[in-house]
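Asks: Here's a sequence, model it:
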Amino acid sequence: MNFILIIADTFRKDHLGCYGNKRISTPHLDRFAKRSVVFDGAYAGSFPTVPNRRDTLTGKASFTYTDWGRLQGDEVVLPEMLREKGYTSMMVADTPHILQQGYNFDRGFDGWQWIRGQENDRLRTDPEEVRFPCKPEKLRSGERVVGQYLRNVSDRAYEEDYFVAQTMREAKRWLERNYKRDSFFLYVDTFDPHEPWDPPKHYLELYEKGYEGEEVIYPIYGDADYLTKKELAHVRALYAGEVSLVDRWVGSLLEKIEDLGLFENTLVIFTTDHGFYHGEHGMIGKLRIAKGRMRYEPLYREVADIPLIMSLPGKSGGRRVKGFAQPWDIAPTLLELAGIRKPPEIHGTSLVPVLKGEKRAVRGFAVSSPCITHGPNPFVRSTISTSEWTLIYGGKAGEELCMAETAAVDSRARRMEIAKPGEASPELYDIREDPRQSLNVLSKNTDAARRLHKTYVKFLEDVGTDEAHVHARRQL
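Replies: Numbering: from 1, shown residues only. This is a model prediction of the structure:
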């Protein structure tokens, strides 16, 4: 069996028609969902971008042992494991963070192609002066990130010049040249619909017309109230346009897969790493960055709840499963279908029994989290999700607060804000009654919170987390 894995960065699940959205146009992915198994219980694992790719390619819950950083030499990755059965592995990516600055995520692939220019990729030095779409102080890292991006795209003229279009085009070309191989693994990674948001105007006009204000295409991560209501509405329209752009070009790859008859012998997967706050919980972004410092915010469902759609040959499509699934489950799924024994160091569980309809689920919970290895900091909160409850928990602050740095979210080191004792209390939400997670009910449901906390600590132990990192999280 062949494998094609498509990751679109920062793709909110609730923006897909197949997950209930009736406003945003995503016909190609919705059509793909009709021939696939759609996971309603898929959640982010290690957060954000680079940790997610490490989870996906190693099959491990990497937030328990490492932060955003380079792929280390002792980490065995999926293409290396698949080589045991003669697989040819190819990466086509425009996501810069996994490839720039020696991050090494191309390791193990027989071939790889980096479509240059996304976000802060240092591709071009001209034009020296660029025109910002709003006041630079409204943008996160305006000159360093957005200015670089605007130089990179300064000669863009047509829709097919956009990065997601280039990436899907190169993936299609590779398939045309290689689809008759005995077995292959094609990994396609596009940064869109991650910001900066600047979709072609005809996509933006699907959701908003006549806007004449400033375009905040890369908002400052933090409180959303610095944006006017019209600016925030425009931000949402820009993102929706990006989603439809991604759907169009991922759809072109899916059409090529169909044209080549590959759905008959290929597992095809579409997913993302996490979502994004567009004013929900008072936030814009996915964490908080200000004055060279960074603070993780709780991973509510807008960020933690992700799409996962899998098309397995020989199985009828259109089936939905409520069972939980996470990025570290992808590698063992592919290994089982390839007939390779799962290495003992892998944390994930194969989803093959769920795909085949033999089981409803392989686990009863999900854990989504930033890296927990910097020391006791209750601002580093894990989200523990079940079908009924969500617990958001960051452990206890130590007597001596850590002074950690992290390279999330753009490979640029920043000091992490440290929570003092009592500053970041646990939160519990009954998602049956409160799916938007607006009312913390921990004080009235301490038994449920204790059960989820116990599940979380056992998970950390089961995956071999160093006791030094578990210690501060043993008490609720």
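Asks: The residue sitting nearest the centre point of the chain: which element?
Replies: Central residue of the chain (CA atoms, centre = their mean): residue 273, 1.0 Å from the mean position. Residue 273 belongs to no helix or strand when assigned by DSSP states H and E.
Asks: cool, residue 188 as well?
Replies: With DSSP H and E as the test, residue 188 turns up in strand 184-190.
Asks: Any chance you could list what contacts that strand?
Replies: Contact with strand 184-190 is made by 2-9, 53, 78-79, 82, 87-95, 98, 109, 163-164, 167-168, 171, 174-175, 178, 246, 250, 253, 334, as judged by CB atoms under 8 Å, 6 or more residues apart in numbering. (Glycine included, C-beta is placed from N, CA and C.)
Asks: which ones are touching the residue nearest to the centre of the chain?
Replies: 7, 9-10, 44, 47-49, 52-53, 306, 327.
Asks: Now residue 379: phi and psi?
Replies: Main-chain dihedrals, residue 379, degrees, to the nearest 10: phi -70, psi -20.
Asks: how close does it get to residue 22?
Replies: 36 Å (CB to CB, to the nearest Å).
Asks: sorry, back to before: among the contacts of strand 184-190, which ones are buried?
Replies: The neighbour count (16 or more other CB atoms under 10 Å) marks 2-9, 53, 78-79, 82, 87-95, 98, 109, 163-164, 167-168, 171, 174-175, 246, 250, 253, 334 as buried among those.
Asks: Quick one: the helices in this protein, in order.
Replies: Secondary structure of the chain (DSSP state H): helices at 27-34, 49-58, 78-82, 148-152, 163-178, 201-204, 229-259, 301-304, 330-338, 352-355, 446-462, 467-470.
Asks: any low-confidence regions in the protein?
Replies: Applying pLDDT under 70 to the chain picks out residues 398-403.
Asks: Kindly state the domain boundaries assigned to it.
Replies: Domains of the chain are assigned by automatic domain parsing as 2-355, 366-473.
Asks: Would you mind finding the most buried of those?
Replies: Compared across the domains of the chain, domain 2-355 shows the largest average neighbour count, a mean of 20 (mean count of other CB atoms under 10 Å).
Asks: re the thing from before, let me have the helices of the chain in JSON lines, extended by distance to residue 408.
Replies: Formatted as JSON lines, those follow (distance: least, CB to CB, whole Å):
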{"stretch": "helix 27-34", "distance to residue 408": "28"}
{"stretch": "helix 49-58", "distance to residue 408": "7"}
{"stretch": "helix 78-82", "distance to residue 408": "23"}
{"stretch": "helix 148-152", "distance to residue 408": "19"}
{"stretch": "helix 163-178", "distance to residue 408": "21"}
{"stretch": "helix 201-204", "distance to residue 408": "29"}
{"stretch": "helix 229-259", "distance to residue 408": "21"}
{"stretch": "helix 301-304", "distance to residue 408": "13"}
{"stretch": "helix 330-338", "distance to residue 408": "21"}
{"stretch": "helix 352-355", "distance to residue 408": "31"}
{"stretch": "helix 446-462", "distance to residue 408": "20"}
{"stretch": "helix 467-470", "distance to residue 408": "17"}
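Asks: so residue 322 touches residue 364, yeah?
Replies: No: Residue 322 is beyond contact range of residue 364, at 10.6 Å (criterion: CB atoms under 8 Å).
Asks: intersection of neighbour lists for these two?
Replies: Counting by CB under 8 Å, 6+ apart, the contacts common to residue 322 and residue 364 are residue 387.
Asks: Nearest spatial neighbour of residue 63, chain-adjacent residues omitted?
Replies: Distance criterion CB to CB, 6 or more residues apart in numbering; nearest residue to residue 63, sequence neighbours excluded, is residue 46 at 3.8 Å.
Asks: Equivalent analysis for residue 13, please.
Replies: residue 307 (4.5 Å).
Asks: likewise residue 160?
Replies: Residue 160's closest residue in space is residue 169 (CB to CB, 6+ apart), at 7.1 Å.
Asks: Residue 231 versus the one you found, what's the distance?
Replies: 33 Å.
Asks: cool, residue 183 as well?
Replies: For residue 183, the distance to residue 231 equals 50 Å [CB to CB].
Asks: on that earlier part again, residue 18 is nearest to which of the helices of the chain?
Replies: helix 27-34 (3.6 Å; CB to CB).
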